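1. sequence unknown, structure follows:
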């Protein structure tokens, strides 16, 4: 007998305030939905301002849902992130959770070229958003988390960081950097009761309005997994909820790979 996951969601995050960068589309939107289902107030911080507002409105409209807000945020811009933190504090008075999900990959596409054909400008933009953006986002919220002696920071890496996938060296490098960022931050922030962990998704059908070509590519990845099916955003939200909840209060500096067993370590 199959069990509808929506019927077994706990409410471990009632009253918590969670920021999800890149939360208006794809996997980030799924993270935001799950955390809202668990009772958290959600800030959708996305470069796509209208989609941020629409996603937050949809979350708030659900029966019994906590309040959600959407802001246009450019994670590569320090001032934009400071504004995000200030608006969150104005609305809720605290920041409990930061999910560093914003990245150049699908919604904002990247080149898939040999390493010596990727332009320097694209390399720099990838690092500014995917890696530097996460560092800047933590800098924006850390003073609040330190003062309240509580926080959950979850960085998003990728299974590609463990395999060194070709044809996207700038993306793979940015996601490998998230592993080191997570460990360093866990050491720096542990004294303030702030947990810093990392989630590494496998190849996930996260594209909105995916073409037949993309679906075929994602299905092809399934044949290389012990759990041989296409990975969906919903496959990641349980692990994310764990890292955001009190269930992970003694877990920090760790990376959890959620990919159906493609990579085992």
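-> The structure has been received and is ready for your questions. Predicted model only: the values in this text are computed from it and were never measured. Residues are numbered from 1 along each chain as shown.

2. longest helix of this protein?
-> For the chain, the helix with the greatest residue count under DSSP state H is helix 169-189.

3. how far out from the middle of the chain is that one?
-> Computed by C-alpha atoms, centre = their mean, to the nearest Å, the chain-centroid distance of helix 169-189 equals 13 Å.

4. packing partners for it?
-> Other elements packing on helix 169-189 under the criterion 3 or more C-beta pairs under 8 Å, 6 or more residues apart in numbering; DSSP states H and E are helix 120-126, helix 133-148, strand 151-156, helix 160-163, strand 194-201. Quick note: C-beta positions are derived from backbone N, CA and C, even for glycine.

5. contacts made by the longest one with the rest, please.
-> Read that as helix 133-148. 19, 21, 75-78, 81-82, 84-85, 89, 94-96, 98, 100, 102, 151, 153, 155, 178, 181, 185, 189, 192, 194 (C-beta atoms under 8 Å, 6 or more residues apart in numbering).

6. if we go to 6 Å?
-> Identification of contacts with helix 133-148 by C-beta atoms under 6 Å, 6 or more residues apart in numbering yields 21, 75-76, 78, 81-82, 85, 94-95, 98, 100, 102, 151, 155, 192, 194.

7. now the buried members of those residues.
-> Among the contacts of helix 133-148, those scoring as buried are 21, 75-76, 81, 85, 94-95, 98, 100, 102, 151, 155, 194 (criterion: 16 or more other C-beta atoms under 10 Å).

8. in the stretch 1-150 of the chain, where is pLDDT below threshold?
-> Scanning the stretch 1-150 of the chain for pLDDT under 70 picks out 1-8, 63, 106-117.

9. and the two most separated of the buried ones among the contacts of helix 133-148?
-> Greatest spacing in the buried ones among the contacts of helix 133-148, by C-beta to C-beta: 76 and 94 (25.4 Å).

10. could you export the helices and strands packed on helix 169-189 as JSON lines, including distance to residue 236?
-> Formatted as JSON lines, the helices and strands packed on helix 169-189 follow (distance: least, C-beta to C-beta, whole Å):
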{"stretch": "helix 120-126", "distance to residue 236": "22"}
{"stretch": "helix 133-148", "distance to residue 236": "17"}
{"stretch": "strand 151-156", "distance to residue 236": "9"}
{"stretch": "helix 160-163", "distance to residue 236": "15"}
{"stretch": "strand 194-201", "distance to residue 236": "5"}
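
11. and residue 69, how many neighbours does it have?
-> Around residue 69 there are 20 other residues, counting by other C-beta atoms under 10 Å.

12. quickly run through the sheet partners of the host helix or strand of it, with directions.
-> Of the helices and strands defined by DSSP states H and E, residue 69 is found in strand 68-72. According to DSSP bridges, strand 68-72 has the following sheet partners: strand 41-46 (parallel).

13. okay, the angle between the strand it pairs with and helix 133-148?
-> Counting by axes from the mean of the first three to the mean of the last three C-alpha atoms, to 10 degrees, strand 41-46 lies at 150 degrees to helix 133-148.

14. neighbouring contacts of strand 41-46?
-> Contacts to strand 41-46, defined as C-beta under 6 Å, 6+ apart, come from residues 17-19, 21-24, 32, 35-36, 52, 55-56, 59, 66-71, 73, 84, 88, 92.

15. now the next helix or strand after it: buried residues?
-> Next in sequence after strand 41-46, counting helices and strands by DSSP H and E, comes helix 49-61. For helix 49-61, the neighbour count (16+ other C-beta under 10 Å) marks 49, 51, 52, 53, 55, 56, 58, 59, 60 as buried.

16. look up the closest residue to the first one, ignoring the ones flanking it.
-> Right, residue 49. Distances taken as C-beta to C-beta, 6 or more residues apart in numbering put residue 72 closest to residue 49, at 3.0 Å, once the chain neighbours are dropped.

17. for burial, what's the neighbour tally of that neighbour?
-> Neighbour count for residue 72, taken as other C-beta under 10 Å: 18.

18. same question, residue 246
-> Residues near residue 246, counting by other C-beta under 10 Å: 11.

19. hmm, back to that, how close does the residue nearest to residue 49 sit to residue 81?
-> From residue 72 over to residue 81 the distance is 12 Å, taken as C-beta to C-beta, to the nearest Å.
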